[in-house]
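> Sharing a model that was predicted from the sequence below.
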Amino acid sequence: DAGVIQSPRHEVTEMGQEVTLRCKPISGHDYLFWYRQTMMRGLELLIYFNNNVPIDDSGMPEDRFSAKMPNASFSTLKIQPSEPRDSAVYFCATQTSANNEQFFGPGTRLTVL
Amino acid sequence: QQQVKQSPQSLIVQKGGISIINCAYENTAFDYFPWYQQFPGKGPALLIAIRPDVSEKKEGRFTISFNKSAKQFSLHIMDSQPGDSATYFCAASMLDSSYKLIFGSGTRLLVRP
């Protein structure tokens, strides 16, 4: 298995633009997590899904952030409009309910100018 | 009460020495305590984990010590190697209710040759 796949790996955009981050989970994993990592705030859980259904979105910072999981093999995290303070590394992680280990993707480094 | 406090923020150890990283939690409902290792430019990866029914777990050079009454747990890296240089995160979750991980702030470990 190729592991968790995220795209793009790097994104540079200007303030006010829409940004879409993508994640392909490991096949068979029924949980998917979106995290944000910054120096100031560390690793923060934004939202997670179970069987494509959002379970907890309490970490989503504001309405500018939205996440979807239309099927078991794809999820998106969208920021609209983006702001400089959204600059961070965004990770997608997945796991199966049969195992407690979360597998992280390589991350998307987002820079909002 | 959902926080996990981690210390130190950074640690420098000579090759062959012992690295010790500490974490403390408040929520007694936490029942799963993993440690994740992150190399620059990569996503975190599970290193070792413990449940509160044991006081110690060892895997190779890595050991978790767990003190339930003090609500503290620590990671010990024996015979530290330059290849262990990475950022280490402790975390906690309540497996009975969700797989949501609460991460500590991270410790940047540098092992000098």
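Arrived safely. From a predicted model like this one, the values you see are computed outputs, not experimental measurements.
> So which bits of chain B are right by chain A?
B:32, B:34, B:41-46, B:49, B:89, B:95, B:98-106 (C-beta under 8 Å from any C-beta of the partner chain). All C-beta atoms are positioned from the backbone trio N, CA, C, and that covers glycine.
> again, only using 10 Å
B:4, B:6, B:32, B:34, B:36, B:38, B:41-46, B:49, B:51, B:87, B:89, B:91, B:93, B:95, B:98-106 (C-beta under 10 Å from any C-beta of the partner chain).
> Point me to the residue of chain A nearest chain B.
In chain A, the residue that lies nearest chain B is A:Phe104 (3.1 Å; C-beta to the nearest C-beta).
> Do I have it right that that residue meets A:Leu32?
No - assessed by C-beta atoms under 10 Å, A:Phe104 is found out of contact with A:Leu32, at 11.4 Å.
> any idea how far stretch B:94-110 is from the chain center?
On the basis of C-alpha atoms, centre = their mean, to the nearest Å, stretch B:94-110 sits 9 Å off its chain's mean C-alpha point.
> Name the residues of that stretch that come out as buried.
The neighbour-count check on stretch B:94-110 (16 or more other C-beta atoms under 10 Å in any protein chain shown) flags B:99-107, B:109 as buried.
> Kindly report the same for stretch A:96-106.
By 16+ other C-beta under 10 Å, the buried positions in stretch A:96-106 come out as A:96, A:100, A:102-106.
> helix, strand or coil for the closest residue to chain A within chain B?
Nearest residue of chain B to chain A: B:Gly43, at 3.1 Å (C-beta to the nearest C-beta). Of the three states, B:Gly43 takes coil under DSSP: H, G, I helix; E, B strand; the rest coil.
> Whatever helix or strand A:Arg36 lives in packs against which elements?
Assessed by DSSP states H and E, A:Arg36 sits inside strand A:31-38. The criterion is 3 or more C-beta pairs under 10 Å, 6 or more residues apart in numbering or on different chains; DSSP states H and E, and the helices and strands that strand A:31-38 contacts are strand A:19-24, strand A:42-50, strand A:53-56, strand A:65-71, strand A:74-79, strand A:88-95, strand A:103-104.
> so which of those strands is the most packed in?
Highest mean neighbour count among the helices and strands packed on strand A:31-38 (mean count of other C-beta atoms under 10 Å in any protein chain shown): strand A:88-95, with a mean of 23.
> is it anywhere near chain B?
Yes - residues of strand A:88-95 contacting chain B under C-beta under 10 Å from any C-beta: A:89, A:91-93, A:95.
> That strand: partners in the sheet, and parallel or antiparallel?
Paired neighbours of strand A:88-95 in the sheet (DSSP bridges): strand A:31-38 (antiparallel), strand A:103-104 (antiparallel), strand A:108-112 (antiparallel).
> Nothing else from me, thank you.
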